[in-house]
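A.B. asks: This is a predicted model, with the sequence first.
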Amino acid sequence: MKRWHVLTGVSLAAIVVVGAVVVDVFPRELAPIEQIDQASFSSDQIDLGENLSLLGDCAACHKPAGTQAMSGGVALPTPFGTIYSTNITPDVATGIGSWSHEAFVRAMREGVDRKGNHLYPAFPYDHFAAVTDDDLDALYQYLMTQDPVASEPVANTLRFPFSFRPILAGWKLLFHRQEPFSPNPDFTDEENRGAYLAETLGHCSACHSPRNILGAVKKSAYLAGGAAEGWLIPPLGSASIAPVGWDVDDYADYLFDGWSERHGIAAGPMTEVVDNLHDANEDDVFAIATWLAKITPAVDPAEREARATEIAALDFPESFDFAFPGQTVPEAILAGGQVFKTNCLKCHKERVAKGQPISLGLTYAVNAPAPTNLFNVVLKGIEPPLGSSARRMQPISLSAEDLAAVAGFVRWRFSAKPAWSDLNAAAKAAVEHAKAH
């Protein structure tokens, strides 16, 4: 199977090279500017640009951990190797201080930097292309009025032929369309505002959709779930597998605070997203929530409540002895139950206060198609979002054997989904990765 992927990748790369013949393989360099014309900037546009940068989660990729400036160098792992983000502060030598407005717009819409280099779509210009002229102008003014910070660029480590930037012209021919956002006539103004923000700067479908073998979003599986930074990203809207359906209040709570009483806490790459939204314009964040609610099938409130109650009934009282009279329970599941009792039950028990975690049966980590996220939260813990700072989970050090056992037990007890396969091998890989990082 691995060889088939390699051969397919080489074949598709060849198609991209052929396609590159009919597009602009070597874009022209745009002249550097000698000085930023801040006299033409307005405070309103700068404020708007700051808000747009929060909605677009720019800092997640461009701001190194522990710093305050978007000086780049953040590692972005891909199936083709690692890409390192660039400095987008107005430093002249190492940032975008020499970039004209034209150069900035070209990068956002066409994926080409000032010097004429094709940009990798880890920078999601396939979404940014639909941003309005006014919003691009605001974002440019905001970035160009930040403090310049010099940083040493980090070289990408990509396999050939993906390290050869001109083939990206072919990628764009196949997958990139420079089209403006088109409002949906069936949506309200607020829902369309949310759709615009989510589809362009927010680039939600970049993570919440699967990608093809060349790294392009699969339009046929829009919002059907993806993967990023070693985490599974849940499907949204009509593709959601949430045991209890989302409504607009759930989405608003989650986007504002990183926490929903029906769906749990944001973790992994989503933590920084909701931390940025925490500081963004509230009307814009709520607009995204209304859009998400619009594309999510409605669920009868009584049915939602009944389902939530049914799931909560699976939680154990703290005194439970983990015996299951009248049930034939496999030994491996019973062993996992003992690991759960020792390490998890203190927090993940019958819920009597809102300060407790929600029922595990409500979480994506337990209902996902693979145990990836469950392994991550067990081994790494959860550093909570700003809006839910008290909901910290400490990491738990488990052997691969115990990790596999507790994952099997949790899936058996709290989810109606089929048992995860190859748990032992997956747990061993997760433990080894955690030790290495």
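C.D. replies: Structure received.

A.B. asks: can you count the residues close to the closest residue to E152 other than its chain neighbours?
C.D. replies: Nearest residue to E152, sequence neighbours excluded (C-beta to C-beta, 6 or more residues apart in numbering): T94, at 7.2 Å. Just so you know, the C-beta spots here come from the backbone N, C-alpha and C atoms, and that holds for glycine as well. Neighbour count for T94, taken as other C-beta atoms under 10 Å: 17.

A.B. asks: what kind of secondary structure is T94 in?
C.D. replies: coil (DSSP: H, G, I helix; E, B strand; the rest coil).

A.B. asks: Any buried residues in the one helix or strand A302 maps to, and which?
C.D. replies: According to DSSP states H and E, A302 maps onto helix 301-312. Using 16 or more other C-beta atoms under 10 Å as the test for burial, helix 301-312 gives R304, R307, A308, I311.

A.B. asks: what do you get for stretch 406-418?
C.D. replies: Applying 16+ other C-beta under 10 Å to stretch 406-418 flags V406, A407, G408, F409, V410, R411, W412, R413, F414, S415 as buried.

A.B. asks: And stretch 80-94, by the same measure?
C.D. replies: F80, I83, Y84, S85, T86, N87, I88, T89, P90, D91, V92, T94.

A.B. asks: contacting residues for the closest residue to F128 other than its chain neighbours?
C.D. replies: Ranked by C-beta to C-beta, 6+ apart and with sequence neighbours excluded, the top spatial neighbour of F128 is M108, at 4.4 Å. Contacts for M108 (C-beta atoms under 8 Å, 6 or more residues apart in numbering) come out as Y125, F128, A129, V131, L136, L139.

A.B. asks: now the last one, what's its secondary structure?
C.D. replies: With three-state DSSP as the basis, the three-state label of L139 is helix.

A.B. asks: can you give me the strands for the stretch 1-150 of the chain?
C.D. replies: Using DSSP state E, counting those that start in this stretch, the strands of the stretch 1-150 of the chain run over residues 75-78, 81-84.

A.B. asks: Quick check: which of those is nearest to A252?
C.D. replies: Smallest distance to A252 across these (C-beta to C-beta): 29.3 Å, for strand 75-78.

A.B. asks: distance of A60 from N424?
C.D. replies: 34 Å (C-beta to C-beta, to the nearest Å).

A.B. asks: Could you dump the contacts of M108 into TSV and include neighbour count, pLDDT and distance to P185?
C.D. replies: Shown next, in TSV, are these (neighbours: other C-beta atoms under 10 Å; pLDDT from 0 to 100; distance: C-beta to C-beta, whole Å):
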residue	neighbour count	pLDDT	distance to P185
Y125	22	97	27
F128	21	98	24
A129	18	98	22
V131	25	98	21
L136	21	98	25
L139	27	98	28
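
A.B. asks: Among those, name the ones in helices.
C.D. replies: Applying DSSP state H to the contacts of M108, the entries found in helices are Y125, F128, L136, L139.

A.B. asks: Looking at those residues, which is nearest V366?
C.D. replies: F128 (34.7 Å).

A.B. asks: just to revisit the earlier point, closest to G337 out of the strands of the stretch 1-150 of the chain?
C.D. replies: strand 75-78 (35.1 Å).

A.B. asks: how far is the closest one from where the chain is centred?
C.D. replies: Relative to the mean C-alpha coordinate of its chain, strand 75-78 is positioned 13 Å out (C-alpha atoms, centre = their mean, to the nearest Å).

A.B. asks: Do you know the pLDDT at L119?
C.D. replies: The model reports L119 with a pLDDT of 97.

A.B. asks: Wait, it touches R109, no?
C.D. replies: No: in this structure, L119 is not within contact of R109 by C-beta atoms under 8 Å, at 11.1 Å.
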